[in-house]
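K.L.:
turn this into a structure:
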Amino acid sequence: MDMVPIPPMVHIKQTLPTAPVVDVDAKLESEWARLGLSEQVKGKRIALGFGSRGVSKIDQIARKLVSLVKEAGGQPFIVPAMGSHGGATPEGQIDVLAGLGITEASVGCPIEATMDVVDLGMTECGLPALIDRNVAEADGFMVVNRIKVHTDFHGKHESGLLKMMGIGLGKERGASAIHRFGVEGLRDYMPVIAKHMVQSLNFVAGFATVEDGQHQAVYLEGFDSDSLVAGEQRLLEISRDLMPRLPVDDIDVLIIDEMGKDISGAGMDTNIIGRWYIAGEAEPESPRIKRIVVLDLTEASHGNATAYGLADFTVRRLFDKRDIAITTKNLFTSGFLLRARMPLVFATDEEAIRSAIFDAFRRTQEFANARVMRIKNTLEIEDVWVSPNIADELRGKSNITVDGDAQPMAFTEGHLF
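P.N.:
The predicted structure follows:
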């Protein structure tokens, strides 16, 4: 494999979709007033649901909402809204919140974590609506999440407030019940269950953000029970327009420096890499990537290497960082077991990359023609390294800056730096 050439790489910078960054505190204050929430929370215990990773300003939003509830005379507490994440234990879910910057000390209110759920009754889709016991016993609840295109399916509601309720607040039992039906459960049943929760309990408000291509919060909006459904659908379309993409669709080998739950629910954003790996579902038409190499797992993942099977090649570094129990729990709950298949594991980055190039051209042996791209992760794709043939294709495009000459990949003891 040492004879397989790795092309030199050219640094490019692509301009991603952007919009003015929102002033989180000011916007929360104005939305709070617009919805008349002070009177609704006065003298009441209000549960605030948080849980999605990688959401810009999520800790600041938590602090401000806690402050607004207190100023209105309410008693706020935070609940983890994350299904089976954190190893499906209260302690694990509190740890996940801490990784988001949300602790009792940092936000100024208690965190009440449980995996116990209350059955709110059968829904019209034939599944019960299960919700966190602490939320059911509160006087009212709010949820906060980012609206974005989902990594498992496309529909009227994808990753957002309804998912935060139907799956996140459903804890392991609720999440498992929905995931049992695969994409149909997520796309069709999850919104029905979430709407049932809103109708059955005192839903106070949901606050949603939308991020631009640089993952900055550029929209923040509050919704009451009447505006929730249509509002989430509207913000999803805005998110779709602002979603970043790789600069080309045809890639022989994509090298991803790191994956992680703080980057995407699937560790790698499936919309970026063009892979779903869900039984019975057609793969995306683009991008078309022949081989994917992933080299590391973020510390913020806490060992959760969910969906690392989306890659074809990896290295021992990532393999050894996996918490098998947590990863297995998350993957099994999702039901998308094709993503659990283990990629080939190599000792070094260099060996994994050369093997991927070889495998992509195993039949033709045209290794010198390899179209190779390297990104840090699927969340940060403004700065990208590409092989000279891709750089030549991108020269002259208005949203691309080709920066300098091609440089050999630099390895230290076989590992990239």
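K.L.:
so what does the helix or strand hosting residue 40 touch, helix or strand wise?
P.N.:
In the assignment (DSSP states H and E), residue 40 maps to helix 37-41. Judged by 3 or more C-beta pairs under 8 Å, 6 or more residues apart in numbering; DSSP states H and E, helix 37-41 is in contact with helix 58-71, strand 203-211. From N, CA and C alone the C-beta is placed, and that goes for glycine too.
K.L.:
can you tell me the centre-most residue of the chain?
P.N.:
For the chain, the residue nearest the mean C-alpha position is residue 264 (2.9 Å; C-alpha atoms, centre = their mean).
K.L.:
tell me who's in contact with it.
P.N.:
54, 151, 270, 378-379 (C-beta atoms under 8 Å, 6 or more residues apart in numbering).
K.L.:
between all of those, which two are separated the most?
P.N.:
54 and 270 (14.4 Å; C-beta to C-beta).
K.L.:
which of those two has more residues huddled nearby?
P.N.:
residue 270 (25 against 20; other C-beta atoms under 10 Å).
K.L.:
reformat the contacts of residue 264 as JSON lines; add pLDDT.
P.N.:
Listed next are the contacts of residue 264 as JSON lines, based on pLDDT from 0 to 100:
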{"residue": "54", "pLDDT": "78"}
{"residue": "151", "pLDDT": "80"}
{"residue": "270", "pLDDT": "93"}
{"residue": "378", "pLDDT": "95"}
{"residue": "379", "pLDDT": "89"}
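K.L.:
which of those fall within helices?
P.N.:
residue 270 (DSSP state H).
K.L.:
closest to residue 26 out of the contacts of residue 264?
P.N.:
residue 54 (23.3 Å).
K.L.:
give me phi/psi at that closest one?
P.N.:
phi 70, psi 10 (degrees, to the nearest 10).
K.L.:
count of neighbours near the spatially closest residue to it that is not a sequence neighbour?
P.N.:
In space, residue 54 comes closest to residue 262 once its chain neighbours are excluded; the distance is 4.9 Å by C-beta to C-beta, 6 or more residues apart in numbering. As a burial measure, residue 262 scores 22 neighbours (other C-beta under 10 Å).
K.L.:
so residue 262 touches residue 96, yeah?
P.N.:
No: counting by C-beta atoms under 8 Å, residue 96 is not a contact partner of residue 262; they are 9.7 Å apart.
K.L.:
hmm, back to that, could the contacts of residue 264 be laid out in TSV, adding distance to residue 362?
P.N.:
Formatted as TSV, the contacts of residue 264 follow (distance: C-beta to C-beta, whole Å):
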residue	distance to residue 362
54	36
151	29
270	25
378	26
379	31
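K.L.:
before we move on, the earlier item: so the residue nearest to residue 54 sits in a helix?
P.N.:
No: counting by DSSP: H, G, I helix; E, B strand; the rest coil, residue 262 falls outside a helix, being coil.
K.L.:
enumerate every residue touching it.
P.N.:
By C-beta under 8 Å, 6+ apart, the contact list for residue 262 reads 53-54, 99, 298, 300-301.
K.L.:
got the domain boundaries for this protein?
P.N.:
9-16+245-416, 24-242 (automatic domain parsing).
K.L.:
so how far does the shortest one reach from one end to the other?
P.N.:
End-to-end distance of domain 9-16+245-416: 13 Å, with C-alpha to C-alpha, to the nearest Å as the criterion.
K.L.:
related to what we said a few turns ago, what lies in contact with whichever helix or strand comes after the helix holding residue 40?
P.N.:
Downstream of helix 37-41, the first helix or strand assigned by DSSP H and E is strand 45-50. By C-beta under 8 Å, 6+ apart, the list of residues contacting strand 45-50 from outside reads 58, 62, 65-66, 69, 74-81, 97, 100, 102, 109, 112, 132, 134-135, 138-144, 164-165, 168-169, 204.
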